[in-house]
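J.: Coordinates for the following, if possible.
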Amino acid sequence: MDNVIFTLEELPDSPMRASRLRSLPLLPLGVLYTCAHMLLDWLSYVHPFGSFGLTPWNPSTGLGFVMVLLLGRRTLPVFFAALIISNLLIRGMPVPMWVAIAESLLVGTGYGVALAALLNPSLRFDVSLSSVRDLFLFLLALVLSSALVASAYVSLLFIADLLPAHDVPTALLRYWVGDMIGVTVVTPFGLLAFSRDHLIRPEWEPVLQIASTLILTVWVAAVFAQHHQLQLFYLLFLPVTWIAVRSGVEGVSVALMSIQLGLVLALVIFPGGSIDVLDFQARMLVLAITGLVAGVLVSERRAAEARLRMNQAALAQVSRLGSMGELAAAIAHEINQPLSAASTYTGLVAESLEGERLRDPGTRDLAAKAVSQIRRAADVVRRLRTLVRLGRSERAPTSATTIISEAIDLVRGDLERHNIMLRLDLDGDLPLLMADRLQIEQVLLNLIRNAAEAILEAENGRREVLVRAKRSGPGLVELSVIDTGRGFASSFADEVPLPLSTTKPDGLGIGLSLCRSIAEAHGGALMIRNTGSGARVSISLPVAENRS
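T.: Purely as a prediction, here's the structure:
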């Protein structure tokens, strides 16, 4: 495949189907595509306009888009050849040979340029339509190329005296709508079928959605054929919206294909001569574009939520690593002192042995080795402490509002799952902080999660977390997290948290210690208070102008 970018949302085995096709020689690929092209031309040859084969639905064009986008520019000659062969065998060459060949060249060139533009690496078009940007690029290329192709072909028919002047607008609209609806319905379905493991889940709800959509489509077309109630078509927006919300763009692509097949089937079963098929297809085009946009928006939001959950998991892992680093730093600090004392005492023993003139070489050697090994252990511990400290802080002027907003975005889902309301109280004129944004975000995440756990343990019915930011003194801003939990025990509150001290039965006692270390490293402090209806944990941070 040439210059086609797949995204991480694709399942591992999905691209393998396209890879197997791409590995085939061009000749069998061309035969396979040409047969499929002619079959779609034959199935869709309903309600043609005049003798020119201008049908209200051209799925073969959509299939051509699928082939070129998936398999690359090398398939463009196959696209040209299939157009000529299909005109000859399926539509019986309703126009002179030179016109048919010219049509194939016009169609192939117009759409070929659009497809080549989409495949340009600099455009970074994703054939799985994973974002609104990709869908916009696809629709933009389709609208421009189909309008150009339709205008060129209808102009060719008019120049060749095959089309009266009064039929030009109708023929132009019929050709343009037919190609637009064919590509809009078939191409997303085909692209997603090759870039997803499955389009709909084999469960009762998706199957019910598609079945009910197909039945409703046939009923709407049948009622219109008998009573000309075209407004009933808008009922089809209901199942498409339902499917878009529940299944994303994958389900929408299946629904649109089902609706289009249902309409064609109904128009064959009820071939009333007064049916305005073009009107039906124009409404179908609006439905298809609306459904695709809604589906892509839902899929893009789900992908963003999945990335957010991955980031949350990664941040939680970083938090655990940071906590372990703080634990190791605390252990190193506690162990270093007795090791230093032991080194001193052993050194005195060695000096005493020297003073008493005990010449036993073995005793002196053992004492000297003890001193050497203890000092070595002290050096190792000091190096470990240096290694696991927070490291070099990348402080820069940072907005407190930005830090709070990003931290809340990461924890909002957890709060919503537990029905905990989050409120903000931010001063309007907060200055910039001189802070490491990621470290302060980590502090806020720890404090908000601690607050949520305290609320869940309290079970007093009131679930609320307040995040406050205000000036607390000259050159300082205070960030506070206030909860409605039980508060801290009297022996714990109003004191600086020590390493390995905790109020949780299964806690390690390193979360608040880590927050304290980060605050102090920034030149601030951490404060703990009970409020009577919960607890408040605050950190003070310096403003940027005091660090200039």
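J.: any idea where the helices of this structure begin and end?
T.: 15-22, 26-43, 59-71, 76-89, 97-118, 132-159, 168-195, 204-227, 237-269, 277-355, 361-388, 400-417, 437-458, 511-521 (DSSP state H).
J.: Tell me which residues of the fifth one come out buried.
T.: Spelled out, that is helix 97-118. Across helix 97-118, burial judged by 16 or more other C-beta atoms under 10 Å covers 99-100, 102-104, 106-112, 114-116, 118. Every C-beta, even on glycine, is put in place using the N, C-alpha and C of the backbone.
J.: Rebuild the helices of the chain as a markdown table, extending it with distance to Ser480 and mean pLDDT.
T.: Putting these into a markdown table (distance: least, C-beta to C-beta, whole Å; pLDDT from 0 to 100) gives the following:
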| stretch | distance to Ser480 | mean pLDDT |
| --- | --- | --- |
| helix 15-22 | 50 | 56 |
| helix 26-43 | 65 | 83 |
| helix 59-71 | 54 | 88 |
| helix 76-89 | 64 | 80 |
| helix 97-118 | 52 | 84 |
| helix 132-159 | 38 | 90 |
| helix 168-195 | 48 | 87 |
| helix 204-227 | 45 | 76 |
| helix 237-269 | 39 | 84 |
| helix 277-355 | 20 | 72 |
| helix 361-388 | 29 | 60 |
| helix 400-417 | 11 | 82 |
| helix 437-458 | 9 | 84 |
| helix 511-521 | 12 | 78 |
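J.: Please identify which of these is closest to Asp427.
T.: In terms of C-beta to C-beta, the element of the helices of the chain nearest to Asp427 is helix 400-417, at 8.9 Å.
J.: what's in contact with that closest one?
T.: Identification of contacts with helix 400-417 by C-beta atoms under 8 Å, 6 or more residues apart in numbering yields 305, 308-309, 311-312, 315, 421-422, 424, 426, 430, 432-433, 435, 437, 440-441, 444-445, 448-449, 452, 465, 467, 469, 477, 479, 541.
J.: closest to Glu203 among the buried residues of helix 97-118?
T.: For the buried residues of helix 97-118, the nearest to Glu203 is Leu118 (33.6 Å; C-beta to C-beta).
J.: separation between the closest one and Leu40?
T.: Distance from Leu118 to Leu40, counting by C-beta to C-beta, to the nearest Å: 21 Å.
J.: swap in Ala396?
T.: 59 Å.
J.: List the residues that contact Ala244.
T.: Gly251, Val252, Gly291, Ala294, Gly295, Val298.
J.: Nearest residue to it in space, please, no chain neighbours.
T.: Ala294 (3.9 Å; C-beta to C-beta, 6 or more residues apart in numbering).
J.: Report how many residues lie close to the one you found.
T.: Other residues lying near Ala294 total 19 when counted by other C-beta atoms under 10 Å.
J.: Now do the same contact list for it.
T.: Ala294 makes contact with Val240, Thr241, Ala244, Val245, Val252, according to C-beta under 8 Å, 6+ apart.
J.: Highest neighbour count among the residues you listed?
T.: Val252 (29 neighbours).
J.: Contact partners for that residue?
T.: Pro188, Val240, Ile243, Ala244, Gly291, Leu292, Ala294, Gly295.
J.: if you set the cut-off to 10 Å instead, what comes out?
T.: Applying C-beta atoms under 10 Å, 6 or more residues apart in numbering to Val252 gives the contacts 188-189, 192, 199, 240-241, 243-245, 288, 290-296, 298-299.
J.: Same check on Glu545?
T.: Applying C-beta under 10 Å, 6+ apart, the residues near Glu545 are Pro397, Pro431, Leu432, Met434, Gly475.
J.: Which one of those residues sits in the busiest neighbourhood?
T.: Met434 (20 neighbours).
J.: any idea how far that residue lies from Val298?
T.: Distance from Met434 to Val298, by C-beta to C-beta: 41 Å.
J.: With adjacent residues omitted, what lies nearest to Leu172?
T.: Using C-beta to C-beta, 6+ apart, the nearest residue to Leu172 is Val154, at 4.6 Å.
J.: So the one you found sits against Arg174, correct?
T.: Yes. Assessed by C-beta atoms under 10 Å, Val154 is found in contact with Arg174 at 9.0 Å.
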